[in-house]
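1. Fold the stuff below for me.
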Amino acid sequence: MEGMVVSRREIDEKLRQESNNLNLLKESLNKSDQLTNNMVSILSSFENRLHKLEATIVPVHKETITLQQLQENIEKTLGAFDHVISYYEVPKAVEGTIREGPSGNIEKYLECMGKIENSVTFFTENNPGSPELLTATSLFEAGREGLEREFRTLLTRHSKPVPPVMILDMVGTDEELTGDDIPFAIEQLPERTMEELAEIAKWLLGRRSLDFMNVYHQIRSNVLQRSLEGLKDYLHKKSAGSMGTPYSPAPGSAKHKLGVKDTPKRSTLKRQFIQKKGSSTLQKLETGYRRQSPMTPDMKYEEAMEVDYDAFITCVSALLKLMQSESQLMTSIIPEQHQRKIFDVLIQPGFESIIQDGESIVQAVKKSIGKHDYSAVLPLLPILKHLRSIRPEFDETLQGTAPKTRGKLAQLCASIESTGAKGLEEFFEIIKSDPDKQSNMPKDGTVHELTSNAIIFLESISLDYVETAGAMLAGGVGVKESGQASPEANRKRVSIYITKVLGALGLNLDQKTKTYADAHLGAIFLLNNYHYILKSLQRSGMINLIKLSNASVDNYYDEVILEQKRQYSKSWSKVLTYILEVHKPTSSQRTSTPDLGGHTKLKDKDRQNIKDKFKGFNTEFEDIYRIQKAYAIPDSELRESLIKDNKEFILPIYKLFREKYASVQFTKNPEKYIKYSQEQVNQMMDKFFDTSA
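-> Modelled structure (predicted):
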């Protein structure tokens, strides 16, 4: 019961609290309604005031906008008047600057030209018939002409031919550069001048005034050509000074012959041709194989009047470097879209002069070949080698030029290749068909001039110029793209050619031998020639090249040399007919002791027989001594070898013969018949093949 009473009390308390809360909520709602009504009243009052303000301000605002528009129109009108008036004032303002010219102040001058150009445009568009347009146009044309004159003046003033020494330094330095080195460059024009020229060129091009390009290529082309001519003159004077004779620039005057009949002349050609190689071949040949033909002073002078082929090679390299320099210079002045066309025109005179020099050399060589001067082909080898090596750089430099321009160097190479091939074929024909005249044969059996000339020629094409000669031979037989042939193919082609020439030379020498009345001198002649050929091939290393097409070439020459030694040994046959009888006892000895004691009495017939043997030996030995002392074997090794063979062949037999009869009383005057001791015979044999003995 008590619990229920407590519970009721709690419920009543809670109801009382909730009633209080409800009363508070009602009071809050009443206050909120009051505040809302107050706010609505305030907002309504504010809205009324805004409507009154708008009605007052809007007309004023509209009037202000109208006034602002009127002010802007007035300002625009005044600005337009000022702008138009400025065009009328431009000619007077810039006339002084334009009449003075752009020299020394390109930037200000171009600024003035821009103003007068704008003035011309304005009058053209707005008042085409006005006198102001004529004035502005006249002034603009005068300014444009002034810029063109300034372009010409600047370019002419600062464009100087490159000194020959500088060109040589550039060419020489370029050849010595390694991959990390910076190439030697020529400063054709000062940097400030190039900047001014570039600004003028850009302005003129923008106005489609292109005459400056003609001016540029004319002036720079002239500089290029003068640079080359100066280099040529420098090289020619230097060459003439080193030779001690006047220089003749005409290629047709080349006289460097190495014909079959003029062996001394080969020294003139070789001085120029192998000077760079440092070869001692010529010195050895000149010392060991002297020909009997004299060279007169007039011939020496004529030989000196040669084309300077080294100068041509240098000029080709110089042309490339100068063209590259011009191409680089052009990039700073001429707009890119016009560079290749201008470059093509610019290089034509200089390029053409070098090509003509090359063609003149080719024509001179053709003329010499027509006169059967096969040595004329030799200078073409270094020229062609250089052209083939430098051609990729030329092709790269000439990119973008006309096909005719790009093809000039290739045409010159093709012309040289075909001419060289003809010369090589002419050389083979001369070797094959050299006449067998007794007057042309060396009287001492030494190396024939045909042989020495042939070896010199073959060494020249096979040592430093194998690939070049191979390209020539390929061009001669119509092989396409001969310049692209592999080195192995070119070496094989040269190997076949050399083998063919040596074969023809061998056959010709065999035929020439038949002109000798003395067969043993003929054997010495062939021995000298074949030995010289073999030693030259081995010394120069040419034999390794020949083995590409003939692996047994050295064995072949060893065999023919041995055979000629056998043929030569037959020259002792008459001597041997007397001293070899020692193995056949005389008639009185057939019943005597073999030692023929001093007490043996010989019959008159036997004594006479012994006398005849000694007398015959003395006569034949003296005769062979007299004859063979005049024989020539210029190679000391071969000479000593042959003398040694003679001694080993004759001395033992003579020793037996002399000892056999020395104690036999076959005469009262033995010294009359036994004239030579073994030592004397030995000493006399040492003098064989020596005309000075």
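2. Please count neighbours and contacts with C-alpha atoms only from this point.
-> Noted.
3. The host helix or strand of Glu150 - contacts with which helices or strands?
-> Here Glu150, judged by DSSP states H and E, is contained in helix 131-158. With contacts defined as 3 or more Cα pairs under 8 Å, 6 or more residues apart in numbering; DSSP states H and E, the packing partners of helix 131-158 are helix 2-100, helix 106-126, helix 191-206, helix 211-243.
4. With respect to Lys687, which of those helices lies nearest?
-> Smallest distance to Lys687 across the helices and strands packed on helix 131-158 (Cα to Cα): 41.2 Å, for helix 211-243.
5. Taking helix 191-206 as reference, get the angle to the closest one.
-> Taking axes from the mean of the first three to the mean of the last three Cα atoms, to 10 degrees, one finds helix 211-243 and helix 191-206 inclined to each other by 140 degrees.
6. would you turn the helices and strands packed on helix 131-158 into a markdown table with mean neighbour count?
-> A markdown table is the format used below for the helices and strands packed on helix 131-158 (neighbours: other Cα atoms under 10 Å):
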| stretch | mean neighbour count |
| --- | --- |
| helix 2-100 | 12 |
| helix 106-126 | 18 |
| helix 191-206 | 17 |
| helix 211-243 | 18 |
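7. Same list (those helices) but as CSV, adding mean pLDDT and distance to Gly358.
-> Conversion of the helices and strands packed on helix 131-158 to CSV gives the following (pLDDT from 0 to 100; distance: least, Cα to Cα, whole Å):
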stretch, mean pLDDT, distance to Gly358
helix 2-100, 81, 50
helix 106-126, 81, 45
helix 191-206, 88, 34
helix 211-243, 87, 13
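8. Serialize the ones you listed to CSV and add fields for distance to Pro442.
-> Below are the helices and strands packed on helix 131-158 laid out as CSV (distance: least, Cα to Cα, whole Å):
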stretch, distance to Pro442
helix 2-100, 86
helix 106-126, 82
helix 191-206, 70
helix 211-243, 32
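9. Show me the one of those that comes nearest Lys660.
-> Nearest to Lys660, of the helices and strands packed on helix 131-158 and by Cα to Cα, is helix 211-243 at 67.6 Å.
10. could you check the angle helix 131-158 makes with the closest one?
-> Here helix 211-243 runs at an angle of 10 degrees relative to helix 131-158 (the same axes, to 10 degrees).
11. still on that earlier bit, give me the average confidence score over the helix holding Glu150.
-> Averaged across helix 131-158, pLDDT comes to 85.
12. same check, this time on stretch 533-540
-> 94.
13. How far off centre is that stretch?
-> Distance, stretch centre to chain centre, for stretch 533-540: 29 Å (Cα atoms, centre = their mean, to the nearest Å).
14. Contacts for that stretch next, please.
-> The contact list for stretch 533-540, computed with Cα atoms under 8 Å, 6 or more residues apart in numbering, reads 451, 455, 459, 463, 542-543, 554, 557.
15. Just the buried residues of those.
-> 451, 455, 459, 542-543, 554, 557 (16 or more other Cα atoms under 10 Å).
16. ok, of those residues, which one's closest to Gln665?
-> Ranking the buried ones among the contacts of stretch 533-540 by separation from Gln665, with Cα to Cα as the measure, puts Tyr557 on top at 50.4 Å.
17. Show me what the one helix or strand Ile643 maps to is packed up against.
-> Per DSSP H and E: Ile643 is located in helix 636-662. With contacts defined as 3+ Cα pairs under 8 Å, 6+ apart, helix 636-662 has these neighbours: helix 573-579, helix 678-686.
18. Which positions in stretch 532-552 come out as buried?
-> When burial is assessed from 16+ other Cα under 10 Å, stretch 532-552 yields the following buried residues: 532-537, 542-549.
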